[in-house]
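Novice: give me coordinates for this.
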Amino acid sequence: MTEQTADLRETVRRRYAASALKVTEGGTSCCGPEPVEVDGNFGGALYAADERDALPAEAVAAALGCGNSTAVADLQEGERVLDLGSGGGIDVLLSARRVGPGGKAYGLDTTEEMLALALANQKKAGATNVEFLKGTIEAIPLPAGTMDVVISNCVINLSTDKPAVFAEMFRVLVPGGRIGVSDVVADDELTPAQRAERGDYVGCIAGALSFAEYRDGLSAVGFTDIELAPTHAVADGMHSAIVRAVKPETARPGVGDTTESTAIAPASACGCQVVPLRPGRSVDRT
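Specialist: Residues are numbered from 1 along each chain as shown. Purely as a prediction, here's the structure:
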């Protein structure tokens, strides 16, 4: 890991740690905890009122995403779903409700403060089909072929090694599994420097891939049926986008069988014997 990469990771970690602490330690109003300060393009306002009302107020207040990945992924009863960069747990808790008691929702985050907040929210919600894991999205601490769906909400753009993230998503999915991601994506004509001018790295802008780079990155590790659809602008030439793709039932030889990667440059550097699971089975990490 380069010094620049380590510095960017630490900057992101501090930002999300501070967000978690704001929700847990202060900013309480008559109606619950004050939401983390974001504009209208990010946060809990992007969820339907009935979804927000069904969750602990702290989970909604800590929301920092650019979409609603649980809806994007079209989750079904009994599925196993993994949320990359789960934060305060809003998407994990919503996923757990959608997949029901026969399924399970996993959340992965690298920030201790966010994990503590997510565990508190899980307890308040009474969600029993939920598990939170500590780790990075570039090295997911789960076995291969164990997830039906991988979701993420405005987190992949923060990674300094996006090819590793794409490879790890592909690895943990069962054949026929899918991703349903909300992320910030740039118009193809924008240079990395122009993306950086539109916002800082932790603000989900400077690290964003272009539409072509995103599509090529997913294809390179083996995903098919790739769809990228912008939903709303978050800056000039920058969009919140829905990203969908499928892991084929049979992978192409030599594709998607390694977690090694070559960083996408320069955009990503600007200033997260195995038997496929059936519903009801737990993940065996041995």
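
Novice: now do Val185 against Glu112, distance only.
Specialist: 29 Å (C-beta to C-beta, to the nearest Å). Quick note: C-beta positions are derived from backbone N, CA and C, even for glycine.

Novice: the two: which is more packed in?
Specialist: Val185 (27 against 12; other C-beta atoms under 10 Å).

Novice: so that one touches Ala212, yeah?
Specialist: No - counting by C-beta atoms under 8 Å, Val185 does not reach Ala212; the two are 9.8 Å apart.

Novice: Leu75: what's it in contact with?
Specialist: Contact analysis of Leu75 by C-beta atoms under 8 Å, 6 or more residues apart in numbering lists 81, 95, 98-99, 103, 149, 180.

Novice: would you agree it falls within a helix?
Specialist: No - judged by DSSP: H, G, I helix; E, B strand; the rest coil, Leu75 forms no part of a helix; its state is coil.

Novice: for it, which non-adjacent residue is spatially closest?
Specialist: Sequence neighbours aside, Arg98 is the residue nearest to Leu75 in space, at 4.0 Å (criterion: C-beta to C-beta, 6 or more residues apart in numbering).

Novice: what about the one you found, which helix or strand?
Specialist: According to DSSP states H and E, Arg98 maps onto helix 90-99.

Novice: likewise Arg215?
Specialist: helix 211-221.

Novice: coming back round to it: hang on, the residue nearest to Leu75 packs against Val72?
Specialist: No - using C-beta under 8 Å, Arg98 and Val72 do not qualify as a contacting pair, with a distance of 11.7 Å.

Novice: more neighbours, those two?
Specialist: Val72 (22 against 19).

Novice: what's opposite the nearest residue to that one once chain neighbours are set aside in the beta bridge?
Specialist: The shortest distance from Val72 to any non-neighbouring residue, by C-beta to C-beta, 6+ apart, is to Gly180 (4.1 Å). Gly180 has these beta-bridge partners by DSSP bridges: Ile151, Arg244.

Novice: having no further points to raise, I will conclude here.
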